[in-house]
Structure formats: structure tokens, C-alpha cells
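Engineer: Structure for this input, please:
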Amino acid sequence: MAKLTRKLWLGIGAVSVAGASMAGAAAAQDSHKGHPPPAAEKGAAANTAAEGGEAYLRDGGPRDTRIRFYRDIALMRGHLLVGRQLIALDLWDEALPHFLHPTEELYGLMEKYIKMHGIRPFQRELQALAQAVKAKRKGAVEQALKVVEQRLDGALGVARKFMNPLLRFTARSAAEVLKVAASEYEASLKGDRFVKPVEYQDSRGFVWEAERMFEAAAAELGRKDAGALARVRTALTKLKTAWPAPMPPPAPVLPVGEISALVSDIELHASRF
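Structural biologist: Residues are numbered from 1 along each chain as shown. Have a look, this model is predicted:
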């Protein structure tokens, strides 16, 4: 089993990191909404490594399963981040979808890897957090968030053992998070109007989380390529202006094309680490 799980996470991933080119943001699909139903993943542990990998690649996201897992943990955190921002504004009803999405859209996709690598499951903790938000109990929300963050840290800690060099995986996973953000931003718009506030908020949370990922590794990234880090930071600063607040502005601050160009620029420079 140890040999099989190593193949499942590393075999396809090692080939992908070496040979896969980074796609532009415009080519990214709404990855976290295009997941197959969790039922499609059930029983995948009994398959070969290649079959298990293919089952995890159906939504058109990054081909390296380690980057996908890292990205999906970050997407969960992006949802929680913007949800907390909305709660701080006392917008509980607007916040609730962002506490439901980690379970509804992401956990089922990751569950196979959670089981195969002995990662402590955390679906119940995510559900408990969503229930606390639904009940509008701020103290319970804060307590539940602490537990969820611990579980996410633990899950990522196990996954990181398969990521070498970790710096590359962090930078590329953050870039993948931004590609999903660009897709969500585009989906939130119809013409020059925001018609889907939840997607706008999703994209805001993802951008803020991607920035957090880059900044958490900034010391090492700077030693590796200070110029690339500076370009990433400059592009992120400009990118964030598109989300002036957790609720959408009357009209877009940046057009979709500029969002895509900034994400592509970050992706290009992230590939240097």
C-alpha cells in the first residue's frame, strides 16, 4: 500500500512537473465547480496508480495531483477567508455559502487522498463550522475555525512530504489558485455588471489566499529569485484593486482581460522558483 500511494501521488506528478507547460488564465475552467461528484471517486483506491490519477484529473485542473491537493486546500482557505470578511461586516447570509463550499465542492474530490495517506478526516469539522455560521453564533464560529485550520494544516503537512522542492510547489499552487480566481471573477460578471456576488467573493478570497501563500514563502522566494518575487508582488498589488470590498462595486474596477493578463504574468514569474 505504501508503494501504491507513493506512485499515486508522485508517479504522475513527477512527470507532470517536469513536462507540463503553464496554461494561461483564460484557458482555466471554473475548476472548483467542475469537480465530478464524490461518488465518482469512491473505490478509486482499488485502482492502479494511473487510473486513480486519471479520476482526479477530470475537472481540467493542474495535472500534478500534489499541486491539485495544495490548490484545493488553498481554495478552502480562500472561501473561509472571504466568509470571515463578510461576517465582520455582519453579512451572515452572504457569508454562509463560503462556509458550505469547502464541503460541497472540494472535500469529496480530496477524500481519496485523505484516506490513502492517513490524513485525519475533517469533513465533520467543516460541517460543524458551516452550522455555526448558519446559526450566526460568532463565538462558535471562531472556535470551529480554529479546529478547521488545524485540520487543514495537518492535511497539508502530510501532503508536503511528497513535494520537493517545496518552494516550487508553493509558488505553482498559488498560481493555480489565481487561475481559479480569474475564472470566478469572469463568471461573476454579465457585461459591465456583477450579477453573481458569490463568485466575485470567491475570487476575492482566492486572490487574498494566494497572496498569503507567496508572502509566507517570501524569504525563500526572494533568495531564489528576488526579481521574480518583486514582479509577483507588483502584479498582486494591481490585481487586488479589482476587489475593493467583500461586496461587489457598482462596476468592474479592472476588465476581465487585465485580470487574466496579471494572473498570467504572476504564473510566468512563479515558474522561475
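
Engineer: Point out where the stretch 151-273 of the chain drops to low pLDDT.
Structural biologist: Filtered on pLDDT under 70, the stretch 151-273 of the chain yields no residues whatsoever.

Engineer: all helices in it, in order from the N-terminus.
Structural biologist: For the stretch 151-273 of the chain, helices defined by DSSP state H, counting those that start in this stretch occupy the ranges 166-187, 197-216, 218-240, 256-270.

Engineer: cool, and the stretch 1-150 of the chain?
Structural biologist: Remark: helices assigned in the stretch 1-150 of the chain by DSSP H, counting those that start in this stretch are 2-6, 12-19, 49-56, 65-88, 92-101, 108-116, 123-134, 138-160.

Engineer: Tell me which of those lies nearest to residue 227.
Structural biologist: Comparing the helices of the stretch 1-150 of the chain against residue 227 with CB to CB, the closest turns out to be helix 12-19 (22.5 Å). Heads up, the C-betas are built off the backbone N, CA and C, glycines and all.

Engineer: Could you pull up the mean pLDDT of that closest one?
Structural biologist: Averaging pLDDT along helix 12-19 yields 39.

Engineer: quick revisit: ranking the helices of the stretch 1-150 of the chain by mean pLDDT, which is last?
Structural biologist: Per-stretch mean pLDDT for the helices of the stretch 1-150 of the chain is lowest at helix 49-56 (a mean of 30).

Engineer: re the thing from before, let me know which of the helices of the stretch 1-150 of the chain is tucked in deepest.
Structural biologist: Mean neighbour count (mean count of other CB atoms under 10 Å) peaks for helix 65-88 among those, with a mean of 24.

Engineer: angle of it against helix 108-116?
Structural biologist: 120 degrees (axes from the mean of the first three to the mean of the last three CA atoms, to 10 degrees).

Engineer: rewinding a little: the helices of the stretch 151-273 of the chain into a markdown table, with extra columns for mean neighbour count and distance to residue 82?
Structural biologist: Listed next are the helices of the stretch 151-273 of the chain as a markdown table, based on neighbours: other CB atoms under 10 Å; distance: least, CB to CB, whole Å:
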| stretch | mean neighbour count | distance to residue 82 |
| --- | --- | --- |
| helix 166-187 | 25 | 11 |
| helix 197-216 | 23 | 3 |
| helix 218-240 | 16 | 13 |
| helix 256-270 | 21 | 17 |
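
Engineer: Take the ones you listed and lay them out in TSV including distance to residue 248.
Structural biologist: Listed next are those as TSV, based on distance: least, CB to CB, whole Å:
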stretch	distance to residue 248
helix 166-187	10
helix 197-216	5
helix 218-240	14
helix 256-270	14
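
Engineer: quick one, which of the ones you listed is nearest to residue 77?
Structural biologist: helix 197-216 (5.0 Å).

Engineer: just how off-centre is the closest one within its chain?
Structural biologist: Centroid separation for helix 197-216 versus its chain: 8 Å, with CA atoms, centre = their mean, to the nearest Å.

Engineer: Now do it and helix 92-101, the angle between them.
Structural biologist: Counting by the same axes, to 10 degrees, helix 197-216 lies at 60 degrees to helix 92-101.

Engineer: Can you name every helix or strand that helix 197-216 contacts?
Structural biologist: Under the contact definition 3 or more CB pairs under 8 Å, 6 or more residues apart in numbering; DSSP states H and E, helix 197-216 sits against helix 65-88, helix 92-101, helix 166-187, helix 218-240.

Engineer: Relative to residue 262, which of the ones you listed is closest?
Structural biologist: Of the helices and strands packed on helix 197-216, nearest to residue 262 by CB to CB is helix 218-240, at 4.6 Å.
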